[in-house]
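Asker: When you get a sec, could you give me coordinates for this:
(one chain, ligands or ions: 1)
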Amino acid sequence: MLPNYDSRPIQEIKLPVSKDILKVKPYTVAQEQIVLESMVDLSNKSEFLINIKRILEANITSEYNIDDMFLIDLIYLNLKLRSISKSEMIEYQIQCDNNECEQFNKPQKCVDEVEDIIFVKNSEKCKKIVKIDDKLTIELQPVKLDFVDYLASKTDSKIDIDNDSDERIDKILIKETLELALVNIAYSIKKVIFEGKVFNEFTIEELLEKILSQLTEAQIQDLQKEKNDMANLYLKIRKKCESCGKIFERVEDDFFVFLT
Ligand SMILES: [Zn+2]
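Answerer: This next block holds a predicted model:
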C-alpha cells in the first residue's frame, strides 16, 4: 500500500478579527475541486460554507476550535488558503461599463494578489455596546460560525416564481429579508444587559421572541448600523479597461460576490 503523500508546507496565518495565529496547509488539488464544485451553485451558500469549513478543519494543523470561529476569520482564511495554493494570486473578472467600448459587458480576466484587493475594515472593532433605552443594553460581536449552521438549516424561500404575483413576491421578499436581518442581529448578540443584570446564556429563539421582536424599527436600524460598523471584510478593485482605458472601481462588502 502506498503511503499518503503530503508535502505541503505549513504556514502561519494571523486572523483579522480574533487575532489568533493558525498553522495551516494550503489546499490540495482535491480540496480545491470540492470548493470549486460547491461554488458553481452559489444559490446554496450554506453548502458552500459547510464544505469550506470541513476543508479548513483538515488543513489547520494547530489546535483550534473552528466552531467558535468568527465568520469573517473563516472567509479570510479561505481566501488566503486559496491564494497560497495558487501562489498568492486570486483570479476574478471585471466588465467594462462604457457602452462605446469594444469590450462593453464582456468579461476581462484579472489576476491580483489577495493583499492588494481584500481588506479588513474596523478590525479593532469586535465589540459594540448599544444602549437601547434606560433599561436595555445589548453587546454585539461579529457573527460566528453558528450563523452558517443556521443558514444551512434554513428552509428555502417561500417564493414560487412561476405562480406568485409580483405583488406577493415583493411581500414575501420583504418579510424574508427582515427575518434574515433579525436573525443575523440575534447571532451577533453576545450579552443582554437588562435593568443592570447581565445575561449571556440564551437561545436565538429567545432573543428573537423576547427582545428583538419587541423593539421598534428605529431601534433595529440602530443595531444594524452599529453592526455594520464592526469588523468586516471588503473587496476593493481599481482596474483599467484593456480596450478603452476607462478606470473601473468597485468596493464590495458582500464577500459572496467576489468568491465566484
Ligand atoms: Zn472599456
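Asker: What segments of the stretch 151-260 of the chain are strands?
Answerer: 189-194, 197-199, 232-240, 247-252 (DSSP state E, counting those that start in this stretch).
Asker: so for the longest helix anywhere in the chain, what's the average pLDDT?
Answerer: In the chain, taking DSSP state H as the definition, the longest helix is helix 166-188. What helix 166-188 shows for mean pLDDT is 87.
Asker: How far does it sit from its chain's centre?
Answerer: Between the mean C-alpha location of helix 166-188 and the chain-wide mean there is a distance of 18 Å, by CA atoms, centre = their mean, to the nearest Å.
Asker: So for stretch 226-238, first residue to last residue, what's the gap.
Answerer: Stretch 226-238 has an end-to-end distance of 28 Å (CA to CA, to the nearest Å).
Asker: Give me the mean pLDDT for it.
Answerer: According to the model, stretch 226-238 has a mean pLDDT of 85.
Asker: Would you indicate which residues of it are buried?
Answerer: Across stretch 226-238, burial judged by 16 or more other CB atoms under 10 Å covers 226-227, 230-233, 235, 237. For glycine as for every other residue, the C-beta is placed from the backbone atoms N, C-alpha and C.
Asker: Please identify the one among those that lies nearest to residue 99.
Answerer: residue 237 (20.3 Å; CB to CB).
Asker: The residue lying closest to the closest one once chain neighbours are set aside and the ion, how far apart?
Answerer: In space, and not counting its chain neighbours, residue 237 is closest to residue 250: 4.7 Å by CB to CB, 6 or more residues apart in numbering. Going from residue 250 to the ion by CB to the ion, to the nearest Å gives 14 Å.
Asker: my guess is residue 250 meets residue 235, correct?
Answerer: Yes. Judged on CB atoms under 8 Å, residue 250 makes contact with residue 235 at a distance of 7.3 Å.
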